[in-house]
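S.K.: Structure for this input, please:
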Amino acid sequence: MTEPLSGLATVLEIVTKLRSATKNIRDAELKGLIADLHLAVADLKLELAESRDESRMLRDQLRASQEMGRQLEGLEMRQGVLWRPEPTPGQSAGPFCTRCAETEKKIVPLMEMPSVMDILGTHKCGDCEQLFKVK
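M.R.: The predicted model follows:
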């Protein structure tokens, strides 16, 4: 992406030189066209920079989404909730919310509920607040 920007910078420099050279010319129409060209190139340069930033952001989002997809694929269903098949250092083994995994594509650990709430559920999702009975 650097090459188009440097190319635009060169064009902008040439247009600026043309603009300076036309100060001695009395043709108002030519001066106006060069000024318009100067503005159009500057606008194009801004749009290209914004597109580059948006492209970078979208690439980062895609990578994060792909990584989350890989993590979700590694989970397995047991007792009506998701678990990691093997404990990973620094990460919870589970249980994880099935609803959040399916709809939000997020791995959300379930919180254990007090035993007096067992009739409603033993675990609760902190995001969607769905209750689960995990044995």
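S.K.: quick one: secondary structure of the residue minimising distance to the centre of the chain?
M.R.: Central residue of the chain (CA atoms, centre = their mean): Q61, 3.1 Å from the mean position. Of the three states, Q61 takes helix under DSSP: H, G, I helix; E, B strand; the rest coil.
S.K.: what's the pLDDT at it?
M.R.: Note on Q61: pLDDT of 91.
S.K.: could you measure it against Q130, distance?
M.R.: 26 Å (CB to CB, to the nearest Å). Using the backbone N, CA and C atoms, a C-beta is placed for each residue, glycine as well.
S.K.: again, but for V116
M.R.: For V116, the distance to Q130 - CB to CB - is 19 Å.
S.K.: For those two, indicate the residue with more neighbours.
M.R.: Applying other CB atoms under 10 Å to V116 and Q130 shows that Q130 carries more neighbours, namely 15 against 7.
S.K.: Tell me how many other residues crowd the nearest residue to that one once chain neighbours are set aside.
M.R.: Excluding the flanking residues, the one nearest Q130 by CB to CB, 6 or more residues apart in numbering is R99, at 5.2 Å. R99: 15 surrounding residues under other CB under 10 Å.
S.K.: My read is that R99 contacts F132, right?
M.R.: No. Judged on CB atoms under 8 Å, R99 makes no contact with F132 at a distance of 9.3 Å.
S.K.: so what sits against both of the two?
M.R.: By CB atoms under 8 Å, 6 or more residues apart in numbering, R99 and F132 have these common neighbours: C125.
S.K.: I figured P85 hits E76, correct?
M.R.: Yes. Look at P85 against E76 with CB under 8 Å: they come within range, at 5.3 Å.
S.K.: what's the burial count for L18?
M.R.: 16.
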